[in-house]
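Colleague: have a look at this fold, sequence not included:
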């Protein structure tokens with residue numbers, strides 16, 4: 001059974017006994033599938049949090065067996081709402097993305113506690129525990145500092161009221177890049193080449209963070225995070241070729257939510273060796289109101305969100321750094337039409353009719369240079385639509 005952000009595992013003693021048993025029967029090995037793995041699994045998975053100063057986004061899905069494809073079925077057409085302890089209700093509606101529910105832009109009162117309520121089409125009801133809305137302090141500084149082998153991003157924040165103490169961050173990276181070659185022409189059929197009107201040479205790529213980044217100041221004299229090492233970019237990375245940007249979002253957590261994310265982090269990052277902690281089933285704060293014995297996966301906290309974006313340009317970096325054009329390592333040399341040696345017996349339709357393989361690049365007199373689409377169309381690795389926040 002595959003459970004997002006959670007793992008079921010045998011105890012250390014069971015593992016040891018099984019290891020000894022396998023040694024005894026090393027000549028007779030049969031597949032063993034634990035009952036916990038083969039048991040029916042269709043648990044509700046709740047992913048998201050209550051945003052006190054913006055749009056709340058909640059994704060609902062169902063768990064699947066380990067042997068099943070890694071596609072979690074969406075929980076569709078559910079009734080979802082934020083409820084306050086004092087009785088206010090803020091509905092969420094399902095978007096065009098199946099299982100993704102969003103609210104309007106909200107500014108929730110800070111002196112209230114909130115929970116998420118869910119009713120599925122089958123009539124089953126679920127709710128998270130009520131949680132007081134945490135007010136997230138501002139990010140004091142987000143800075144990239146040049147190291148000998150790359151750029152280290154540092155973050156600093158603090159809370160003078162000493163009320164935060166538990167922090168989590170997510171970030172989204174964006175960078176500008178170009179394809180290996182700029183294609184100025186396209187094949188229009190009937191032996192005709194026409195000039196391109198769409199720029200497929202300049203693109204942008206977006207990568208969200210995939211790691212869980214948390215810290216606590218409980219053991220410190222002050223509720224302050226100074227020069228936290230958030231992200232490292234190697235000097236050879238394509239991200240540093242032209243212009244790079246990172247948007248960091250900061251969340252204040254309750255202790256229970258912090259403990260939840262720490263457990264998720266250990267289960268997803270610290271397994272694989274004999275001395276790593278054994279994975280455990282993670283306890284969230286979402287429960288079934290219909291059947292108290294039904295497992296539900298996920299933790300829904302409530303907090304305001306603050307963000308900060310910075311840019312790093314090529315001019316900010318040492319001149320002797322040579323970032324790599326990642327993804328285009330095999331794009332060397334150009335072929336020619338109609339003087340191609342490799343494709344000398346091919347017609348223009350053979351050469352350019354299937355845009356997946358070849359496309360004209362530039363015209364040199366009566367000859368056209370050509371390359372594969374993978375080497376000239378940057379849209380295969382990003383988007384050619386310039387972000388609204390880009391300079």
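Modeller: On my side now, so go ahead. For clarity, every value in this text was computed on a predicted model and none was experimentally measured.
Colleague: roughly how far apart are the nearest residue to residue 44 once chain neighbours are set aside and residue 166?
Modeller: Excluding the flanking residues, the one nearest residue 44 by C-beta to C-beta, 6 or more residues apart in numbering is residue 296, at 5.1 Å. Any C-beta I mention is one placed from the backbone N, CA and C, and that applies to glycine too. Distance, residue 296 to residue 166, using C-beta to C-beta, to the nearest Å: 23 Å.
Colleague: next: residue 386.
Modeller: Applying C-beta to C-beta to residue 386 and residue 166 gives a distance of 37 Å.
Colleague: these two: which is more packed in?
Modeller: Between residue 386 and residue 166, counting by other C-beta atoms under 10 Å, residue 166 is the more crowded of the two (23 against 13).
Colleague: pretty sure that one contacts residue 256?
Modeller: No - counting by C-beta atoms under 8 Å, residue 166 stays clear of residue 256, with 9.4 Å between them.
Colleague: beta-bridge partners for residue 243, please?
Modeller: Beta-bridge partners for residue 243, by DSSP bridges, are residue 313.
Colleague: then residue 309?
Modeller: Applying DSSP bridges, one finds that residue 309 bridges with residue 247.
Colleague: the longest helix in the protein is where?
Modeller: helix 255-269 (DSSP state H).
Colleague: each with direction, which strands does the very next helix or strand once past that helix pair with?
Modeller: Counting by DSSP states H and E, the next helix or strand C-terminal to helix 255-269 is strand 286-288. Using DSSP bridges, strand 286-288 pairs in its sheet with strand 125-128 (antiparallel).
Colleague: give me the contact list for the partner strand.
Modeller: Outside strand 125-128, the residues that touch it by C-beta atoms under 8 Å, 6 or more residues apart in numbering are 44, 46, 83, 115-120, 285-290, 296, 298-300.
Colleague: out of the residues you listed, which are buried?
Modeller: 44, 46, 83, 115-120, 285-288, 296, 298-300 (16 or more other C-beta atoms under 10 Å).
Colleague: so which bits of the lengthiest strand in the chain are buried?
Modeller: In the chain, taking DSSP state E as the definition, the longest strand is strand 166-178. The neighbour-count check on strand 166-178 (16+ other C-beta under 10 Å) flags 166-171, 173-178 as buried.
Colleague: now stretch 313-329
Modeller: Buried residues in stretch 313-329 (16+ other C-beta under 10 Å): 317, 323, 327-328.
Colleague: return the subset of these lying in strands.
Modeller: Using DSSP E, none of the buried residues of stretch 313-329 sit in strands.
Colleague: and the least confident of those residues?
Modeller: Least confident entry in the buried residues of stretch 313-329, by pLDDT: residue 327, with 91.
Colleague: that one: what's it in contact with?
Modeller: Counting by C-beta under 8 Å, 6+ apart, residue 327 makes contact with 238, 381.
Colleague: tell me the mean pLDDT for the longest helix of the chain?
Modeller: 92.
Colleague: quick check: can you list the domain ranges of this structure?
Modeller: Using automatic domain parsing, the domains assigned to the chain come out as 12-133+255-300, 139-245+316-380.
Colleague: turn the ones you listed into CSV, including distance to residue 391.
Modeller: As requested, the domains of the chain are exported to CSV (distance: least, C-beta to C-beta, whole Å):
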stretch, distance to residue 391
domain 12-133+255-300, 24
domain 139-245+316-380, 7
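Colleague: out of the ones you listed, which comes closest to residue 310?
Modeller: domain 139-245+316-380 (5.2 Å; C-beta to C-beta).
Colleague: which neighbouring elements make contact with the longest helix of the chain?
Modeller: strand 166-178, strand 213-216 (3 or more C-beta pairs under 8 Å, 6 or more residues apart in numbering; DSSP states H and E).
Colleague: if we use 6 Å, what do you get?
Modeller: Applying 3 or more C-beta pairs under 6 Å, 6 or more residues apart in numbering; DSSP states H and E, one finds that helix 255-269 contacts no other helix or strand.
Colleague: in that helix, what counts as buried?
Modeller: Neighbour-count burial for helix 255-269 [16+ other C-beta under 10 Å]: 257-264, 266-268.
Colleague: give me the angle between that helix and strand 166-178.
Modeller: 50 degrees (axes from the mean of the first three to the mean of the last three C-alpha atoms, to 10 degrees).
Colleague: what's the offset of helix 255-269 from the middle of its chain?
Modeller: 17 Å (C-alpha atoms, centre = their mean, to the nearest Å).
Colleague: mind listing what residue 202 touches?
Modeller: residue 178 (C-beta atoms under 6 Å, 6 or more residues apart in numbering).
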